[in-house]
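[1] predicted coordinates and the sequence they were generated for:
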Amino acid sequence: MSSDIQSGSGKAGTHAGNLVTQIFKPSEIRFTTALPPLSLYIHLPWCVRKCPYCDFNSHLAPESTFRGVAIQDIADDQSQANSLPELLQRQYLQALIADLDMQLPKIWGRRLHTIFIGGGTPSLFHPDLIDELLAAVRARLGMPATGEITMEANPGTFEQHRFEGFKKAGVTRLSIGVQSFNTDHLKALGRIHNGEQAIAAVRSAVQLFDEVNVDLMYGLPHQSVEQALADVQQALSLNPTHLSLYQLTMEPNTLFAVKPPPLPDEDTLVDIEEAVHALAASGGFERYEVSAFAKPGHRCQHNLNYWGFGDYLGIGAGAHAKISYPNRIERETRPRNPAAYVQQMSQQISEQLNEPIADQVRELKVSELPFEFMLNALRLIEGVPESYFTDRCGRPINDLQKSIKLAVKKGLLDAQPGVFKASPHGLLFLNELIELFL
């Protein structure tokens, strides 16, 4: 766009400037094409044990045998799959379905692309109830055209017949929260499984499912480069289709934040990250997001929708949602406490109310969109088409120009026409890059 049109000087400039204003007013969000792709996130909030590094909305299962047990005293020779009472599971299932029913008017006519069942530890739920849950979704929204329905599972709740039941229910992709195959490191992380259980769970998942993700952490207490490589090598030998490789971080409001464990020094962390990334690449895995590696054709479609600033319904205690409307974008959160969530939904059912519940509903301001968009999109190694900003934010590219110029000047953003993509330097300093769009 010329400087005349930008400044509105001269007759032609004034006319063009007014035309732009008519299409996109300074405070207006307007979708001129189809709304973004839509996914569904379902949160099942209970865990057998709250891990000391975890800041997710997870709560101790009522019949967990690890209540009050110190990390070093964990006995890792049993499955904890039955630590969540069936009555509680069924009450929560009814609450989820009621929650979904109340969300339907927001998305009439829109097609569902993917489903993700996360937690917590979703594999604590009985396969028959997962079947009922997905049947309820199918009846209301149909099934995703891609067929991708991901469910998280914990090796500490692994039982062969449960994995078989999840597949029969319609789950197509299993994500196994291994974190490490080293039993000593698992105990240091407060995990309830050992290395043998992790191997057995992944091996079973790979035999049953076409899509399997293995979550691994590196930079663990006292971990060496060789030990981190051994974890990745063990994962590669089990032949999953996807790896998520995360560095352990001390998140606020966690036990590790209060009592940090002894972690590798910065130089060792750099060596570990470079080594595990190189090993994953040598095993045929493409790094397509900061922490995500996939074999060709096996990228996680649900997470790609997040990173591409797509929409998602969220149901369940503490679930988040992002929904676009023709003239606005809203974020929602559900009540975090599972008991409060079930109680509120039960009241809605008993009183035959049809008002969606949300702990908070917030309309995004136009000024927030550059940061919100780039916070997700710049995590993708290949970046995203610049048209995504207009298509998924309802705003013109001009909103980004000042920040883009500064990011390119600093060497944090590639000057690649038509694409927003972090440079190799920008990926190393991603927080600095994203902050330029605040």
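    Here it is on my side, so go on. Fair warning: this is a prediction, and the values are worked out from it, not measured in the lab. Numbers count the residues shown, from 1 in each chain.

[2] sticking with the residue most central in space within the chain, tell me its helix or strand.
    Nearest to the geometric centre of the chain sits N303, at 5.8 Å (C-alpha atoms, centre = their mean). Counting by DSSP states H and E, the element that carries N303 is helix 301-307.

[3] which is the next helix or strand following that helix?
    Moving toward the C-terminus from helix 301-307, the next helix or strand (DSSP H and E) is strand 311-315.

[4] and that next one, how far out from the chain's middle?
    A distance of 12 Å separates the centroid of the chain from that of strand 311-315, by C-alpha atoms, centre = their mean, to the nearest Å.

[5] now swap in stretch 131-145 and tell me
    Distance, stretch centre to chain centre, for stretch 131-145: 20 Å (C-alpha atoms, centre = their mean).

[6] buried sites along it?
    Neighbour counts over stretch 131-145 (16 or more other C-beta atoms under 10 Å) mark D131, E132, L133, L134, A136, V137, L141, P144 as buried. From N, CA and C alone the C-beta is placed, and that goes for glycine too.

[7] for stretch 388-407, same thing?
    Within stretch 388-407, the residues scored as buried using 16+ other C-beta under 10 Å are 388-395, 399-400, 403-404, 407.

[8] shaky segments in the stretch 251-400 of the chain?
    Scanning the stretch 251-400 of the chain for pLDDT under 70 picks out the ranges 352-359.

[9] ok, which stretches of the stretch 201-350 of the chain are strands?
    211-218, 242-247, 286-289, 292-294, 311-315, 320-325, 328-333 (DSSP state E, counting those that start in this stretch).

[10] now for the second one, which elements pack on it?
    Secondary structure elements in contact with strand 242-247, counted by 3 or more C-beta pairs under 8 Å, 6 or more residues apart in numbering; DSSP states H and E, are strand 211-218, helix 225-237, helix 266-282, strand 292-294.

[11] just put those in TSV and tack on distance to K322 and mean neighbour count.
    Below are those laid out as TSV (distance: least, C-beta to C-beta, whole Å; neighbours: other C-beta atoms under 10 Å):
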stretch	distance to K322	mean neighbour count
strand 211-218	22	24
helix 225-237	31	19
helix 266-282	30	15
strand 292-294	20	24
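
[12] out of these, which is closest to R336?
    Closest approach to R336 among the helices and strands packed on strand 242-247 (C-beta to C-beta): strand 211-218, 22.7 Å.

[13] adjacent strands (with direction) for the closest one?
    Using DSSP bridges, the strands paired with strand 211-218 in its sheet are strand 173-179 (parallel), strand 242-247 (parallel).

[14] show me what the first one is in contact with.
    I take that to be strand 173-179. 121, 148-155, 163, 166, 185-186, 189, 191, 198, 201-202, 205, 208-217, 235, 240, 242, 244, 300 (C-beta atoms under 8 Å, 6 or more residues apart in numbering).

[15] please pick the buried ones from those.
    By neighbour count, with 16+ other C-beta under 10 Å, those hold 121, 148-155, 163, 166, 185-186, 189, 191, 198, 201-202, 205, 208-209, 211-217, 235, 240, 242, 244, 300 as buried.
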